[in-house]
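**Q** This is a predicted model, with the sequence first.
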Amino acid sequence: MAQNEKPTALIMIFGATGDLAKRKLFPSLYRLFEKDRLGDFAVIGVARRSLTNDEFQTSVNQSVNPEGVENDKLKEFVSKFYYHSHDVTDSDSYASLNTVAHELDNQYNLSGNRIFYLAMAPEFFGTIAEHLKTDGLTDAHGFKRLVIEKPFGHDLESAKKLNNQIRTAFTEDEIYRIDHYLGKEMVQNIEVIRFANSIFEPLWNNRFISNIQVTSSETLGVEERGRYYEKSGALRDMVQNHMLQMVSLLAMEPPISLTTDEIRSEKVRVFRALRPIKGNEVNEYFVRGQYGKGLLEEKKVPAYNEEDMVDPESNTETFVAGKLMIDNFRWAGVPFYIRTGKRMEAKTTKIVVEFKDMPMDLYNRQEGSVRPNLLVIHIQPEEGITLYLNAKKAGQFMNSTPVKLSYANKGIDGLNTPEAYEKLLYDCLRGDATNFTHWDEVALSWSFVDNISAVWEKEKEQNFPNYEAGSMGPKAADALLDKDGHFWWPVTNLDVEKC
Ligand code: NAD
């Protein structure tokens with residue numbers, strides 16, 4: 001579908017009274033509507049609670065427009081929302097859902113196009129997908145697409161089981177697995193920065209790059225998600241999906257073209273080249289952490305093991321740092337360091353590409369006036385790129401000084417901003433699956449992560465908690481780079497003169 005075409009579809013949101021629907025999906029759909037990007041559409045909200053259409057429309061209105069400002073456009077938008085009270089485990093209610101879907105399809109001329117968005121806990125995904133098929137909801141005459149949220153399984157085994165279930169009703173091409181990082185402006189920009197600039201692509205390899213660092217840190221703790229997080233931890237919650245996705249975009253070969261298949265197949269090749277880290281190597285290549293109490297913005301915050309629904313003896317990691325090696329011609333020998341954690345000093349996602357030093361030290365590097373060239377990609381909350389160079393210090397002598405060239409995007413503050421969802425929803429409506437994860441990526445990333453969790457689950461970490469809330473993680477994460485002669489570039493105020 002062309003970039004400016006207006007897609008038409010019936011969108012069914014399962015879990016329509018939940019947090020994701022209210023905070024992300026309704027506002028994102030509204031933005032698309034406001035920008036006139038949507039053709040004919042209607043939405044059926046599905047959830048267990050009993051609500052009338054009017055009550056549901058009021059809740060959609062509130063989530064899009066919390067200030068309650070009167071607005072005709074919004075009235076028109078909200079009028080296209082319908083509610084169907086339905087327990088997804090109850091086989092009987094799918095038939096009546098299908099009747100409503102047919103009626104709306106006719107009423108709004110939706111050409112039998114259907115999007116099923118599962119904004120619910122993953123244990124329901126398989127059941128819903130099976131019912132959608134057996135009860136005829138997938139038999140409409142237009143396209144059918146399934147959108148599912150993370151987590152996609154808990155490990156490779158459970159992900160395979162889930163995939164087999166949903167594949168009974170949808171082909172791989174019809175499955176849109178959301179990784180909202182792939183909807184972020186600067187994550188999408190990684191490809192453009194790399195493949196549209198002749199000054200970068202020739203240098204983007206092990207001859208010129210010393211190491212790449214990807215940090216995604218949060219200041220929040222687990223909040224009310226303790227029960228979920230205890231079973232997940234940072235490795236499954238962040239590394240298996242978002243962190244490895246960013247690494248694959250940084251490391252992939254240039255695709256032959258920008259089609260979904262070409263881009264995805266290059267990303268899959270990165271996952272295939274990722275060196276498996278197993279058994280004894282795990283603690284050599286990976287560091288886990290759990291936050292203790294500490295100070296954040298001058299407020300005392302509790303330790304992870306004091307949070308609600310968390311075991312006081314918890315072995316769950318809230319921080320992971322790791323060294324990834326991509327064993328192919330381009331990247332042999334270049335470490336990709338990743339780190340992610342909760343209750344850290346700053347909320348930020350950043351990529352630092354550190355280039356190798358010049359072969360000869362003409363300008364007295366030891367004195368700190370010459371630094372390695374760095375390309376920093378700011379993903380969030382700021383969005384932009386900074387290139388750190390060395391230039392002559394003004395004056396009589398041939399001294400050098402670090403300078404930086406910056407480009408700032410006008411970003412929107414906040415992890416998970418509706419912007420990412422807006423783009424991803426629009427892609428899905430247009431049938432563009434490029435920024436969604438293919439099953440091969442999911443399977444390969446789980447097999448990588450499973451080797452690490454196997455060791456961590458077997459060996460309880462005796463030193464938890466091992467980093468203070470408000471810090472940049474455990475000391476061992478610094479030692480991980482130190483033993484290779486590297487260090488983490490600061491993520492806040494990355495001013496070379498201060499490093
Ligand atoms: P939530 O608990 O707020 O909402 C769950 C929804 O499912 C509610 O509408 C509830 O009524 C409905 N539901 C539960 N059991 C049901 C049943 N048997 N039949 C019918 N409806 C039922 O959850 P959420 O935060 O909106 O998250 C939904 C999914 O999205 C989860 O998989 C979560 O991991 C994922 N996710 C959420 C966010 C977020 O920001 N909230 C971000 C990323 C991923």
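**A** Nice, thanks for sending it over.
**Q** Break down the stretch 251-400 of the chain into its strands, ranges please.
**A** 286-289, 291-296, 299-301, 319-325, 335-341, 348-355, 374-380, 383-392, 400-409 (DSSP state E, counting those that start in this stretch).
**Q** In the stretch 251-400 of the chain, which residue sits nearest the ligand?
**A** The nearest approach of the stretch 251-400 of the chain to the ligand comes at residue 309, 14.0 Å away (C-beta to the nearest ligand atom). All C-beta spots, glycine's among them, are computed from the backbone N, C-alpha and C.
**Q** Residue 460: which of the strands of the stretch 251-400 of the chain is closest?
**A** Relative to residue 460, the nearest member of these by C-beta to C-beta is strand 286-289, separated by 10.9 Å.
**Q** Looking at the closest one now, give me its mean pLDDT.
**A** Strand 286-289 comes out with an average pLDDT of 98.
**Q** again, but for stretch 428-448
**A** Averaging pLDDT along stretch 428-448 gives 97.
**Q** Buried residues in that stretch, which are they?
**A** 428-430, 432-446, 448 (16 or more other C-beta atoms under 10 Å).
**Q** Repeat that for stretch 307-321.
**A** For stretch 307-321, by 16+ other C-beta under 10 Å, it's 307, 310, 314-321.
**Q** can I get those residues in a markdown table with pLDDT?
**A** Listed next are the buried residues of stretch 307-321 as a markdown table, based on pLDDT from 0 to 100:
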| residue | pLDDT |
| --- | --- |
| 307 | 97 |
| 310 | 97 |
| 314 | 97 |
| 315 | 97 |
| 316 | 98 |
| 317 | 98 |
| 318 | 98 |
| 319 | 98 |
| 320 | 98 |
| 321 | 98 |
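**Q** what does the stretch 101-250 of the chain put close to the ligand?
**A** Taking C-beta under 6 Å from any ligand atom as the contact definition, the stretch 101-250 of the chain meets the ligand at 119-122, 149-150.
**Q** So which residue is smack in the middle of the protein?
**A** In the chain, the residue lying closest to the centroid (C-alpha atoms, centre = their mean) is residue 181, at 2.9 Å.
**Q** quick one on the thing from earlier: of the residues of the stretch 101-250 of the chain next to the ligand, which belong to helices?
**A** Applying DSSP state H to these, no entry is found in helices.
**Q** Apply the buried test to these and list what passes.
**A** When these are checked for burial by 16+ other C-beta under 10 Å, the buried set is 119-120, 122, 149-150.
**Q** how about the residues you listed, which pair is most distant?
**A** Farthest-apart pair in those is 120 and 150; separation 12.3 Å (C-beta to C-beta).
**Q** before we move on, back to that, make TSV from the buried ones among the residues of the stretch 101-250 of the chain next to the ligand and add pLDDT to it.
**A** Below are these laid out as TSV (pLDDT from 0 to 100):
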residue	pLDDT
119	96
120	94
122	89
149	92
150	89
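**Q** of these, closest to residue 79?
**A** Using C-beta to C-beta, those come closest to residue 79 at residue 119, 21.4 Å.
**Q** So that closest one is in contact with residue 22, correct?
**A** No - taking contacts as C-beta atoms under 8 Å, residue 119 lies outside contact range of residue 22: 9.5 Å.
**Q** Can you name the residue of the protein nearest the ligand?
**A** Closest point on the chain to the ligand, by C-beta to the nearest ligand atom, is residue 18, at 2.2 Å.
**Q** Which residue lies closest in space to residue 243, excluding its sequence neighbours?
**A** Spatial nearest neighbour of residue 243, excluding adjacent residues (C-beta to C-beta, 6 or more residues apart in numbering): residue 338 at 4.8 Å.
**Q** separation between that neighbour and residue 353?
**A** Using C-beta to C-beta, to the nearest Å, residue 338 is found at 13 Å from residue 353.
**Q** same deal with residue 86?
**A** Counting by C-beta to C-beta, the gap from residue 86 to residue 353 is 49 Å.
**Q** quick one: which of those two has more around it?
**A** Set residue 86 next to residue 353 and count neighbours by other C-beta atoms under 10 Å: residue 353 wins out with 24 against 19.
**Q** beta partners of the more buried one?
**A** residue 212, residue 375 (DSSP bridges).
**Q** Give me the neighbour count for residue 479.
**A** 11.
**Q** mind checking how far it is from residue 104?
**A** On the measure of C-beta to C-beta, residue 479 and residue 104 end up 59 Å apart.
**Q** Next: residue 236.
**A** The gap separating residue 236 from residue 104 is 37 Å, by C-beta to C-beta.
**Q** quick one: which of the two has more around it?
**A** The residue with more neighbours, out of residue 236 and residue 104, is residue 236; 24 against 18, by other C-beta under 10 Å.
**Q** hang on, the more buried one in a helix?
**A** Yes - assessed by DSSP: H, G, I helix; E, B strand; the rest coil, residue 236 belongs to a helix.
**Q** Contact partners for it?
**A** Going by C-beta atoms under 8 Å, 6 or more residues apart in numbering, residue 236 touches 151, 154-155, 449, 453.
**Q** Out of those, flag the one nearest to residue 208.
**A** Nearest to residue 208 among the contacts of residue 236, with distances taken as C-beta to C-beta, is residue 449, at 29.6 Å.
**Q** Break the chain into its domains for me.
**A** 9-149, 182-420+438-483 (the TED database).
**Q** now the end-to-end length of the shortest one.
**A** End-to-end distance for domain 9-149, by C-alpha to C-alpha, to the nearest Å: 20 Å.
**Q** now it, how far from the centre of its chain.
**A** Here the centre of mass of C-alpha atoms in domain 9-149, compared against the chain's by C-alpha atoms, centre = their mean, to the nearest Å, lies 23 Å away.
**Q** again with the longest one
**A** From the chain centre to the centre of domain 182-420+438-483 is a distance of 12 Å (C-alpha atoms, centre = their mean).
**Q** so how far is the first residue of it from its last?
**A** 32 Å.
**Q** Give the residue farthest from the middle of this structure.
**A** Most distant residue from the mean C-alpha position of the chain: residue 396, 49.8 Å away (C-alpha atoms, centre = their mean).
**Q** who touches it in this structure?
**A** By C-beta under 8 Å, 6+ apart, residue 396 lies in contact with nothing.
**Q** ranges for the helices of the stretch 201-350 of the chain?
**A** Secondary structure of the stretch 201-350 of the chain, counting by DSSP state H, counting those that start in this stretch: helices at 226-234, 244-251, 260-273, 282-285.
**Q** For residue 36, find the nearest of these.
**A** Shortest distance between residue 36 and the helices of the stretch 201-350 of the chain, using C-beta to C-beta, is found for helix 260-273: 25.2 Å.
**Q** My understanding was that residue 101 contacts residue 135; is that so?
**A** No - counting by C-beta under 8 Å, residue 101 does not reach residue 135; the two are 10.5 Å apart.
**Q** Show me which of these two is the more surrounded one.
**A** Using other C-beta under 10 Å, the more surrounded residue of residue 101 and residue 135 is residue 101, with 22 against 17.
**Q** So the more buried one: helix, strand or coil?
**A** Three-state assignment for residue 101 (three-state DSSP): helix.
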